[in-house]
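Trainee: I'd like to go over a predicted model; first the sequence, then the structure.
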Amino acid sequence: MTTGLYGAPSRDLVDIPADALQLSPLVPDAQAIETLADAALDELIMLAPPGTDERAFAMAHGLRALKPGAPFTILAPKDKGGSRLAKELAAFGLDAEQTSKHHHRICTGERPAELHNLDEAITRGAPRFDETLGLWTQPGIFSWNRLDPGSAALVDVLPPLSGKGADFGAGLGILSARVLGSPSVTSLDLYDLDHRAVEAARRNVNDPRAHFHWADVRTASIAGDLDFVVMNPPFHEAGLENRTLGQTFIRRAAGALRKGGVLWLTANRHLPYEAPLREVFARVETRGEVAGFKLFEARK
């Protein structure tokens, strides 16, 4: 029996088999849900994504991959799409039962023999080229349909870099494209937790010096001989602000750099990064404050 698992729902809310097949793009080495064959799953458990188009895409592919009559359990916080799950499932042809627990809405039902509106939902959430951005993107990726102002601010102040470097939390590849504009850069490793972002960046950063890694910067194996790191670190996890994320990125950057190496960092002004930077870098300079963001250059 093959049970699909999308995301990491609390085991207090749903029973999860130990051998469930992980399908989330936010879990490195998971299988992409869109690559599953039709009727490949005997059961599916899904922590629904918060974005409307992203959620529709995942739900549609999940239903497509379920065998007719197979059970589908989907849940989400009530304020992050949970209150709409039953209605959205009904649009696909699944009549779900609803329960509530720990501020989550949990819907259960069986995959009907006939499904509706799958193609439309898959198209809404699929990768696409955004003419305004001039980039490949996909709903669910950080800042997927607008230029993130923090990244834009750092792009404006970055000097030409040289040697080996990395982009931590590379997203669509905006910072990386700017970095690779310098012919003195010999290689650039792009790391991101989101598989969709990694695949979009592959299309946006067409340069033989670029190397792409679907990995969590907090735990990835990263050499300690880099000349530079650039980053716009995340500060949300599971929809909640988590300031330790950026602080961990700072420590990982320091560990990845050679002595004398440099970190360029953009961060929201309210985030307390000055002290963590000074703990692990010999020199820290503020290189600007733009549109609510602080820009730092830190030398190891």
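Mentor: Arrived safely, thanks for sending.

Trainee: now the strand ranked longest in the chain: how far from the chain's centre is it?
Mentor: Ranked by number of residues, the top strand in the chain under DSSP state E is strand 257-268. With C-alpha atoms, centre = their mean, to the nearest Å as the basis, the distance from the averaged C-alpha position of strand 257-268 to the chain average is 22 Å.

Trainee: then the helix or strand just after that strand to PDB, C-alphas only?
Mentor: The helix or strand immediately downstream of strand 257-268 is helix 274-280, counting by DSSP states H and E. Taking C-alpha atoms only, helix 274-280 is exported to PDB below (Å, rounded to 0.1, in the frame of the first residue of the first chain):
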ATOM      1  CA  GLU A 274      23.700  43.200  14.100                       C
ATOM      2  CA  ALA A 275      24.700  41.200  17.200                       C
ATOM      3  CA  PRO A 276      24.800  37.800  15.500                       C
ATOM      4  CA  LEU A 277      26.900  39.300  12.700                       C
ATOM      5  CA  ARG A 278      29.400  40.800  15.000                       C
ATOM      6  CA  GLU A 279      29.700  37.500  16.900                       C
ATOM      7  CA  VAL A 280      31.100  35.700  13.900                       C
END
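
Trainee: what mean pLDDT does the helix or strand following helix 274-280 have?
Mentor: Following the chain from helix 274-280 toward its C-terminal end, the next helix or strand by DSSP H and E is strand 283-290. When pLDDT is averaged over strand 283-290, the result is 93.

Trainee: now strand 283-290 - C-alpha only, PDB.
Mentor: What follows is the C-alpha trace of strand 283-290 in PDB, where atoms were taken according to Å, rounded to 0.1, in the frame of the first residue of the first chain:
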ATOM      1  CA  ARG A 283      34.100  43.600  10.600                       C
ATOM      2  CA  VAL A 284      30.400  44.500   9.900                       C
ATOM      3  CA  GLU A 285      29.400  47.600   8.000                       C
ATOM      4  CA  THR A 286      25.900  48.900   7.100                       C
ATOM      5  CA  ARG A 287      25.800  49.600   3.400                       C
ATOM      6  CA  GLY A 288      22.400  51.200   3.200                       C
ATOM      7  CA  GLU A 289      18.800  51.300   4.500                       C
ATOM      8  CA  VAL A 290      16.200  51.200   1.700                       C
END
